[in-house]
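Chemist: I'll drop the sequence and a predicted model, then ask my questions.
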Protein chains: 2
Amino acid sequence: MDDRKQLILRAIIREYIGKIEPVSSKNITGKYGLDVSSATVRNEMSHLEKLGYIEQPHTSAGRIPSELGYRYYVDYLMEKYRLALREKQAIDNQLDERVDKLESLLERAGAILSELTSYPSIVSEPTFKQKKYRHIKLVGIDEKLALLVIVLDDGEIKNYQVNLVGRMEDEDFIRISNVLDEQLAGKEVNDLSGNLVEQLAFQAVADKLVLEDVLRALTEVAGNSNMNNIHISGTLNIFNQPEFKDVEKVRDLLSFFEQQKALQRLVEGGSEGISIKIGEEVPLDNLEGLSVITSTYCINGKPVGTIGVIGPTRMTYSKSSTLLEKISEGLEVSLIKMLR
Amino acid sequence: MDDRKQLILRAIIREYIGKIEPVSSKNITGKYGLDVSSATVRNEMSHLEKLGYIEQPHTSAGRIPSELGYRYYVDYLMEKYRLALREKQAIDNQLDERVDKLESLLERAGAILSELTSYPSIVSEPTFKQKKYRHIKLVGIDEKLALLVIVLDDGEIKNYQVNLVGRMEDEDFIRISNVLDEQLAGKEVNDLSGNLVEQLAFQAVADKLVLEDVLRALTEVAGNSNMNNIHISGTLNIFNQPEFKDVEKVRDLLSFFEQQKALQRLVEGGSEGISIKIGEEVPLDNLEGLSVITSTYCINGKPVGTIGVIGPTRMTYSKSSTLLEKISEGLEVSLIKMLR
DNA sequence: CTTTAGCACTCATCAGAATAGAGTGCTAAA
DNA sequence: TTTAGCACTCTATTCTGATGAGTGCTAAAG
């Protein structure tokens, strides 16, 4: 790959990303620092095609980048994108504003990413290696109802309704809260061994029926702790992409977006930092022509979640990855502020 | 409208709903109890067209029902749909299962409605004329954090995080809880007058910063109480409808589904019970060719929410409205059980 | 007066043919 | 090594005519 070939490959990719039409030799002569004739460019193109970086839809058409071509571009040719001022401001506005719920923050991050890139975005909720209980408290609401408040070590607060059968006094609530706290605080959430359950049942003699509700809640917490939910936003952006003018494709992608399990595969196994997967590299069998850019985000220096965008293979890699990087950083800052 | 015209109109509509192609005179002779020649049917059709009940896409095509035709069909010709056993079971399965969250229940109702009709479904959360506070409690979690638990008179429980600056003892929480309870219990949520705020500020002298968070939460509750959220499910069902083979239309409808305010117009102002709105009758300017069937659902005999389906004007009115009716009834039963 | 067979007429749809044009690869000269 | 020139290929567009479904009208039959 000599300099001129690189120049031409880059020119083809940039042009194609912009116009989404096969680019001809004539089309890029004179621009992109190419001061040679179209014939020369044609010769080089012919060579680039043999190398597998570009391909021809049909004989009398221009060239389009192959997945290998995009890969080469992303690895060696892509120049840094400079954020526009309004992009910077938009990111800051969205992420700086005070939010007290983890979900809202992630939602905002996804929304702004989607808005600025015009691609659907995907955000996974943070996973901690092993979530632990920090606090558990049973709070009386009225005669028939109590609320089980569970605080996890990642700062997340969950609560569940617990039905009461008999009359419970304030001291009862305090006693049960203490039992729960002693037994569970510091323990991992999916460490809900039978032994523990028995102990709870033995100690919290107050009211069997209450205990049932409590155990249901604990089991639910344990169940949810393994799977981290994934949120998609800006899905309708795909309608702006010309490769989705076909209803079938739109349907396939949108219904893919509704499958949590499939989405999971997009975020798992990513190395730390920005990762760009192009076409076949995307671990999805039934979807073609897609690229995914993801970034892990960290809490306390440890990667705990993923945020990314999904676009056609001819997506704006430079702009999108830069935006993703900035938003990911902003998200980390806000997370720290939020969790304190 | 003599008997035979009605017979023919019904035949055209049934045939069209099934095949979604203009129906010809020949096509319905012999079926639907029509023992006359196609020529006779043609004459009648010609008349029906003059009356405005059917129309012709072009000269040499069959007839399709007009919106007026559907209206006549729904009002006078439609026969009762008999639920299949598996449909009955599916409904019971979905709605009988124990759920403790209002949202989950509504979600289930929408999902099963969507699944059985193959149309997107819409469910509005119940509104109560004026929500009131039933209980308010401030619960300490740890040194820095407390939880404001708000119980509304419809049984809904909300909670908000409240940051603490100074050290708070148990009695502080109890004191503040009492103040809040005294001041707010029984009051309407959007009755957050300045006077009340001042009183709170004066009485809850404990910690200004805590109060700020509390007020933010109360304002949010008041704000949310007016607008009842609306959930859509089964949106991808529109891809099964031939009238949405055009990407533009799909985009328009899907982006409409994302606008809460627009959806609101679909559920508001509906009279009690089942309501069928056809084509132009649907209060949406920019969407054409859609019909909406809605049903109000009641709590304590008062209509508090709406559930419905959205389909093309040639939707299966009979089947859909019957299914909707049953699901709406099932939802009411489950709601009563849940709220006790 | 109602029904129906027969027939001319209309119009969408489809396949095939002709045309235009974009872009290439190759060759030979610079 | 570069480039002008040219023949060649293939797509996209337009036009054409054939096909056939379905109607409306007319005139005869019931």
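Modeler: Thanks, I have it.
Chemist: check which residues of stretch A:247-257 are buried.
Modeler: Buried residues in stretch A:247-257, counted by 16 or more other CB atoms under 10 Å in any protein chain shown: A:249-254, A:256-257. Where C-beta positions appear, they are placed from N, C-alpha and C, glycine not excepted.
Chemist: do the same with stretch A:2-21
Modeler: Using 16+ other CB under 10 Å as the test for burial, stretch A:2-21 gives A:6-17.
Chemist: show only the entries of those residues found in helices.
Modeler: Among the buried residues of stretch A:2-21, DSSP state H puts A:6-17 in helices.
Chemist: just those residues that are near DNA strand C?
Modeler: Applying CB under 7 Å from any atom of the strand, the subset of these adjacent to DNA strand C is empty.
Chemist: which residues touch the closest residue in space to A:R10 that isn't next to it in sequence?
Modeler: Nearest non-adjacent residue to A:R10, counting by CB to CB, 6 or more residues apart in numbering or on different chains: A:L77, 4.5 Å away. Going by CB atoms under 8 Å, 6 or more residues apart in numbering or on different chains, A:L77 touches A:6, A:9-10, A:13.
Chemist: show the pLDDT at A:I238.
Modeler: Looking at A:I238, its pLDDT is 96.
Chemist: quick check: it touching A:V247?
Modeler: No. The pair A:I238 / A:V247 is not scored as a contact, 11.8 Å apart, by CB atoms under 8 Å.
Chemist: that older thread, what is the nearest of the contacts of A:L77 to chain B?
Modeler: For the contacts of A:L77, the closest approach to chain B (CB to the nearest CB) belongs to A:I13, at 26.4 Å.
Chemist: which members of the buried residues of stretch A:247-257 occur in helices, if any?
Modeler: A:249-254, A:256-257.
Chemist: picking up where we left off before, kindly reformat the buried residues of stretch A:2-21 as CSV containing pLDDT.
Modeler: Below are the buried residues of stretch A:2-21 laid out as CSV (pLDDT from 0 to 100):
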residue, pLDDT
A:Q6, 97
A:L7, 96
A:I8, 97
A:L9, 97
A:R10, 97
A:A11, 97
A:I12, 97
A:I13, 98
A:R14, 96
A:E15, 97
A:Y16, 97
A:I17, 97
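Chemist: okay, those in TSV with distance to B:A222 next?
Modeler: Formatted as TSV, the buried residues of stretch A:2-21 follow (distance: CB to CB, whole Å):
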residue	distance to B:A222
A:Q6	62
A:L7	62
A:I8	63
A:L9	59
A:R10	57
A:A11	58
A:I12	58
A:I13	54
A:R14	52
A:E15	55
A:Y16	53
A:I17	48
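Chemist: list of residues touching the helix or strand encompassing A:Q89?
Modeler: Assigned by DSSP states H and E, A:Q89 belongs to helix A:85-96. Residues external to helix A:85-96 that are found in contact with it (CB under 8 Å, 6+ apart): A:105, A:108-109, A:111-112, A:115-116, A:323, A:326-327, A:330-331, A:333-334.
Chemist: same thing with stretch A:247-262?
Modeler: If you take CB under 8 Å, 6+ apart as the criterion, stretch A:247-262 is touched by A:120, A:227, A:229-230, A:232, A:235, A:238-239, A:243-244, A:263, A:284, A:286-287, A:290, B:236, B:239, B:244-247, B:250.
Chemist: which members of the residues you listed are classed as buried?
Modeler: The neighbour count (16+ other CB under 10 Å) marks A:120, A:230, A:232, A:235, A:238-239, A:244, A:263, A:284, A:290, B:236, B:239, B:244, B:250 as buried among the contacts of stretch A:247-262.
Chemist: farthest-apart pair in these, please.
Modeler: For these, the farthest-apart pair by CB to CB is A:I230 and B:F244; their separation is 26.9 Å.
Chemist: mind listing what's buried in whichever strand or helix holds A:E171?
Modeler: Assigned by DSSP H and E, A:E171 falls within helix A:170-184. Using 16+ other CB under 10 Å as the test for burial, helix A:170-184 gives A:172-173, A:175-177, A:179-181, A:183-184.
Chemist: closest one of the residues you listed to A:Y32?
Modeler: A:L184 (63.6 Å).
Chemist: which SS state does the residue lying closest to the closest one once chain neighbours are set aside fall under?
Modeler: Excluding the flanking residues, the one nearest A:L184 by CB to CB, 6+ apart is A:Y133, at 4.5 Å. At A:Y133 the chain is in strand, as set by DSSP: H, G, I helix; E, B strand; the rest coil.
Chemist: give me the below-cutoff pLDDT ranges for the stretch 1-150 of chain A.
Modeler: Counting by pLDDT under 70, the ranges of the stretch 1-150 of chain A that qualify are A:100, A:128-130.
Chemist: near DNA strand C, which residues of it?
Modeler: Listed as neighbours of DNA strand C in the stretch 1-150 of chain A under the rule CB under 7 Å from any atom of the strand: A:22, A:24-27, A:38-39, A:42, A:45-46, A:49, A:56, A:59-63.
Chemist: ChimeraX command for the buried members of those residues?
Modeler: Listed next is the ChimeraX selection for buried residues among these, using 16+ other CB under 10 Å:
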select /A:22,24,25,27,38,45,62,63
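Chemist: from the residues of the stretch 1-150 of chain A next to DNA strand C, list the ones also adjacent to DNA strand D.
Modeler: A:39, A:59-61.
Chemist: of the residues you listed, closest to A:S318?
Modeler: Minimum distance to A:S318 across these is 25.5 Å, recorded for A:A61 (CB to CB).
Chemist: next one: stretch A:318-326 to chain centre, how far?
Modeler: Centroid separation for stretch A:318-326 versus its chain: 14 Å, with CA atoms, centre = their mean, to the nearest Å.
Chemist: can I get the CA coordinates of it in CSV?
Modeler: Extracted in CSV, the C-alpha atoms of stretch A:318-326 (Å, rounded to 0.1, in the frame of the first residue of the first chain):
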residue,chain,number,x,y,z
SER,A,318,-14.6,9.1,12.6
LYS,A,319,-17.3,11.4,13.8
SER,A,320,-19.2,8.7,15.6
SER,A,321,-16.3,7.2,17.5
THR,A,322,-15.2,10.7,18.6
LEU,A,323,-18.6,11.6,19.8
LEU,A,324,-18.9,8.3,21.5
GLU,A,325,-15.6,8.8,23.3
LYS,A,326,-16.6,12.2,24.6
